[in-house]
Structures are given as C-alpha cells and as structure tokens.
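**Q** The sequence and its predicted three-dimensional model are supplied below.
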Amino acid sequence: MAQTVGFIGLGIMGKPMARNLIKAGYSLVVYNRTASKAAELVELGARQVESPRAVGAGADVVITIVSDSPEVESVVLGDNGVIEGIAEGGVVVDMSSISPITTQRIAAELKGRGVAMLDAPVSGGEIGAIQGTLSIMVGGEESVFSRVKPILESMGKSVVRVGEVGAGGFAKLSNQIIVAGVLQAVSEAMVLAKKAGVDIQLVYEAIRGGMAGGRTLDMKIPAFVEGKFEPGFKMDLHIKDVKNALLAGKALGVALPSTGLVHELFSSCSAQGKGQKDHSVIFTLLEQLSGLRQVGR
C-alpha cells in the first residue's frame, strides 16, 4: 500500500469516500475548491494542498469526483490542473458522472503525457459512500484497472471493469436511466395510493416482497411518508445525468423516449426550486399534479 492517493472533490459523495481511503490506510493528498470542506480529513491525517496541480505532483493515483464534464476538464486539463503536476506513469481515476465522450477526450490528452486514465463512476448514493458499499463501474485498460482495483475496493462493494475508457460512463448512464424510470414509477404508484386514501407505508409493506420490490422502493418510501427530502442524491445532479444520457442516445442513434419524458418532469421539479433536494422530491410534483399538494410547497 505504498501508493499515495490524491483526491479532488469533497462533496456529499467525495468526503466519505476519501474518509474510507484513510481508514483503509492510504496516504491522502486532498484539494477542494471550498477549502474548509477538507478540515475533517486533515484531522484524520490527509494533507491538504492548494491546487489540482499540487495533488498531481503529490500522488501516484489521483481521484476526481466533481459535478460535471466542464469541472472535470478544468481540474484535470486546465491551468494548474492535475496534468501539470502528475508524473509519467501516474493514473487519473475520474469517479464523476460525466459525458463518456468527454472522458475519452481527457484520456487521450493524458495518454500523450504518459498518464493513464480510468473512468469509474459510482452508484449507491450518500449512504453507500459512507458505508463503503458503492457499486463502481470502471472503464480503462485492464492492467491499469488491476493496479488501482484495491483502492477502489476501499470505497465500494462491487467493482467491475466493463470495458475500455468511457465504458464506465456509459454503464453509469444506463444505471441512471433505470433509477430515474423506477423512481418516477414508484412516485406515481404511491401518489395513486395516497389519492385513494390508502396508507402508502402499508402499500409498501404489502408489495415489497413481490416483483415491484427493490432498493429504490426501500430507500425512498421513508421520504414519501415523512415528507422530508434532504439530499442523498440531488435532483439537479440526476437531471444532469439524464441529460447526458439523452445526448449520448442522440449521438449513437438510440431512441430514449421515456427517458426524455422523465427528464422533462424532473426539470419541472427543479424549476420549482427543488433542484438541491433529493431526487425523490419528484413525488411532490406528482402530488401537486394530483391535487394533493399546493404548488410551491
């Protein structure tokens, strides 16, 4: 475990993931645009630096998990970016959810400097990040994956290489299409039950053991029942992922009709000022459309 790991992006997902790397015994070099978010990790032994470039200079493997494609390009390829500091033979692992086309372009730039890249987006939300049980889908060369796999296993329960660089991103887009569709369906079903005057907690208990059961149902019912939508995964981030899926579908000539509809509904929810809430807040939009909740509440 001689490798020093660099970590860029200490948000809802990144901070607990970085914490698990420290717990696993890795030396950590960290950077976050809002420097104060690194304080807890510094107390645990991480070394905080002032730029992505400094992370690259101080680490063998650099992990990034930021919001979208432009942010990844900026921290990796921009002024004072990782590419300016990382040594030949280093590895960049982007665990953000971004456009796979952007990933492939970044990987080509890094390869020209003798630096390998993996794309390794995650699924499992904040709870999975805290517990170290994320599902991690990886794209990149098999030899590089083998080198980095123990690091990824410190953050995830399932770590699967799905193909060459970019393949991880396409797998994540597929995942996000499914989660969005299931979340929409679960919300519609529970609004129907609520409108009929049936206790949705009891509906959940009645159906959870059948084919309708699953993690989305299990994880989101408490929010529906309690009316509390604090983010485990923000609505605006899911909208971004669905948008990237639609763009990928357009580029590849793949029809994604129901995904387009869900994107519109999610976007309507965000337009009401709920984009920073958990994506399960879509339930409230359907309540409004069904006359169960006033607009804006």
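**A** Right, received. Where do you want to start?

**Q** Going by C-alpha atoms from here, please, whenever you check contacts or count neighbours.
**A** Fine.

**Q** Quick check: which ranges of the stretch 1-150 of the chain have low pLDDT?
**A** Judged against pLDDT under 70, the low-scoring parts of the stretch 1-150 of the chain cover residues 1-2.

**Q** Could I get the full set of helices for the stretch 101-250 of the chain?
**A** In chain order, the stretch 101-250 of the chain shows helices spanning 125-131, 142-153, 167-195, 200-207, 215-226, 235-252, with DSSP state H, counting those that start in this stretch as the criterion.

**Q** Quick one, which of those helices gets closest to Ile22.
**A** Ile22 lies closest, by Cα to Cα, to one member of the helices of the stretch 101-250 of the chain: helix 142-153, at 10.6 Å.

**Q** Buried residues, that closest one. List them.
**A** Residues of helix 142-153 classed as buried under the neighbour-count rule (16 or more other Cα atoms under 10 Å) are 145, 148, 151-153.

**Q** Same check on stretch 177-185?
**A** For stretch 177-185, the neighbour count (16+ other Cα under 10 Å) marks 177, 179-184 as buried.

**Q** go on, stretch 281-296?
**A** By neighbour count, with 16+ other Cα under 10 Å as the criterion, the buried positions of stretch 281-296 are 281-287.

**Q** same thing with stretch 199-207?
**A** Under the neighbour-count criterion of 16+ other Cα under 10 Å, stretch 199-207 has 200, 204 buried.

**Q** Next: stretch 218-225.
**A** The neighbour-count check on stretch 218-225 (16+ other Cα under 10 Å) flags 220-221, 224 as buried.

**Q** quick one: contacts for Lys157?
**A** Taking Cα atoms under 8 Å, 6 or more residues apart in numbering as the criterion, Lys157 is in contact with 132-136.

**Q** need those residues in TSV with distance to Val30, can you?
**A** Converted to TSV, the contacts of Lys157 look like this (distance: Cα to Cα, whole Å):
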residue	distance to Val30
Gly132	19
Thr133	22
Leu134	21
Ser135	23
Ile136	21
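
**Q** which one of the buried residues of helix 142-153 is nearest Ile98?
**A** Proximity to Ile98 was ranked across those by Cα to Cα; first place goes to Leu152, at 18.4 Å.

**Q** residue contacts, the closest one?
**A** Residues 136, 159 are the ones in contact with Leu152 under the rule Cα under 8 Å, 6+ apart.

**Q** Need the pLDDT of it.
**A** At Leu152, the model reports a pLDDT of 98.

**Q** Tell me how far it lies from Ser97.
**A** For Leu152, the distance to Ser97 (Cα to Cα, to the nearest Å) stands at 16 Å.

**Q** Hey, what's the angle from the lengthiest strand in the chain to helix 167-195? Just curious.
**A** Longest strand of the chain, by residue count under DSSP state E: strand 156-163. On the basis of axes from the mean of the first three to the mean of the last three Cα atoms, to 10 degrees, strand 156-163 is oriented at 130 degrees to helix 167-195.

**Q** Could you pull out the buried residues of strand 156-163?
**A** Counting neighbours by 16+ other Cα under 10 Å, one finds that the buried residues in strand 156-163 are 156-157, 159-163.

**Q** just stretch 226-238 next, same as before
**A** Neighbour-count burial for stretch 226-238 [16+ other Cα under 10 Å]: 229, 231-238.

**Q** Equivalent analysis for stretch 61-68, please.
**A** For stretch 61-68, the buried set under the neighbour-count rule, 16+ other Cα under 10 Å, comprises 61-66, 68.

**Q** got it, and stretch 70-86?
**A** Within stretch 70-86, the residues that count as buried by 16+ other Cα under 10 Å are 71-73, 75-78, 80-86.
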